[in-house]
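Enquirer: give me coordinates for this.
(2 chains)
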Amino acid sequence: QKEVEQNSGPLSVPEGAIASLNCTYSDRGSQSFFWYRQYSGKSPELIMFIYSNGDKEDGRFTAQLNKASQYVSLLIRDSQPSDSATYLCAPSTNMNSGYSTLTFGKGTMLLVSP
Amino acid sequence: SQTIHQWPATLVQPVGSPLSLECTVEGTSNPNLYWYRQAAGRGLQLLFYSVGIGQISSEVPQNLSASRPQDRQFILSSKKLLLSDSGFYLCACGSSYEQYFGPGTRLTVT
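Expert: Residues are numbered from 1 along each chain as shown, chains lettered A, B, ... in the order given. Predicted coordinates:
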């Protein structure tokens, strides 16, 4: 049974602060990791993809991966009220196959206050 | 970049009725296609994926089925809906390093 654990939150941060979202996974065969943002009632939007240990930065977002600890995180710098959403972590084990079957966590709700 | 269309956007169906949800993709050829469901209080769950016409892989035993009659068309069906089939059904398209979701169909089984 593949499990993906995320703190359900809500995680409350003031505007301009750094938000740190964490995710642990049980399947050691997980090769790559996706982070999505989902606004209430909407479909998920892809934010980041990471497959190598270490950090990957894209604008205000930084993904951090530690496969030995089975841990992946997402940092959001200079948080904005528009970042208020649920953030979903999704490991995949098919990176070399050309497609990805994702296992999702339940997500962490982030609330950014003005 | 590809565009994913899903319809209908919302659907209310009685228990025991059939279901057909459609997903079509524009802007790409031979896409990998996926069906996910997000039920209340639960995470997104992969139901089916397809890497080509007529090729369907099932991830979770369900009273649901999927078909891919054309390259960029993916259909989710059921012969008899259960209350537990209620949820947000999402079609996705992508490779091993990216996967994008369509707008979804919200299904309520009454």
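Enquirer: so A:A90 is in which element?
Expert: Here A:A90, judged by DSSP states H and E, is contained in strand A:85-92.
Enquirer: what mean pLDDT does that strand get?
Expert: In this model, strand A:85-92 has an average pLDDT of 96.
Enquirer: just the C-alphas of the helix or strand just after that strand, formatted as PDB.
Expert: Heading C-terminal from strand A:85-92, the first helix or strand you meet, by DSSP H and E, is strand A:108-113. Below are the C-alpha coordinates for strand A:108-113, written out as PDB (Å, rounded to 0.1, in the frame of the first residue of the first chain):
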ATOM      1  CA  THR A 108      -2.100  20.700   3.000                       C
ATOM      2  CA  MET A 109      -4.400  23.700   3.100                       C
ATOM      3  CA  LEU A 110      -2.400  27.000   3.100                       C
ATOM      4  CA  LEU A 111      -3.900  30.200   4.300                       C
ATOM      5  CA  VAL A 112      -2.000  33.500   3.700                       C
ATOM      6  CA  SER A 113      -3.300  36.400   5.600                       C
END
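Enquirer: what about strand A:108-113, near chain B?
Expert: No: Strand A:108-113 stays clear of chain B (CB under 8 Å from any CB of the partner chain), getting no nearer than 11.6 Å. In short, each C-beta sits where N, CA and C put it, glycine included.
Enquirer: by contact count, what packs against that strand?
Expert: strand A:11-14, strand A:19-25, strand A:85-92 (3 or more CB pairs under 8 Å, 6 or more residues apart in numbering or on different chains; DSSP states H and E).
Enquirer: other residues contacting the longest one?
Expert: Looking back up the chat, that one is strand A:85-92. Here strand A:85-92 makes contact (CB atoms under 8 Å, 6 or more residues apart in numbering or on different chains) with A:2, A:4, A:6, A:21, A:23, A:25, A:27, A:30-40, A:44, A:47, A:72, A:74, A:100-105, A:107-110, B:43-44, B:96.
Enquirer: list, one by one, the residues from chain A near chain B.
Expert: Chain A comes close to chain B at residues A:4, A:32, A:34, A:36, A:42-46, A:49, A:51, A:88, A:90, A:92, A:94-107, as judged by CB under 8 Å from any CB.
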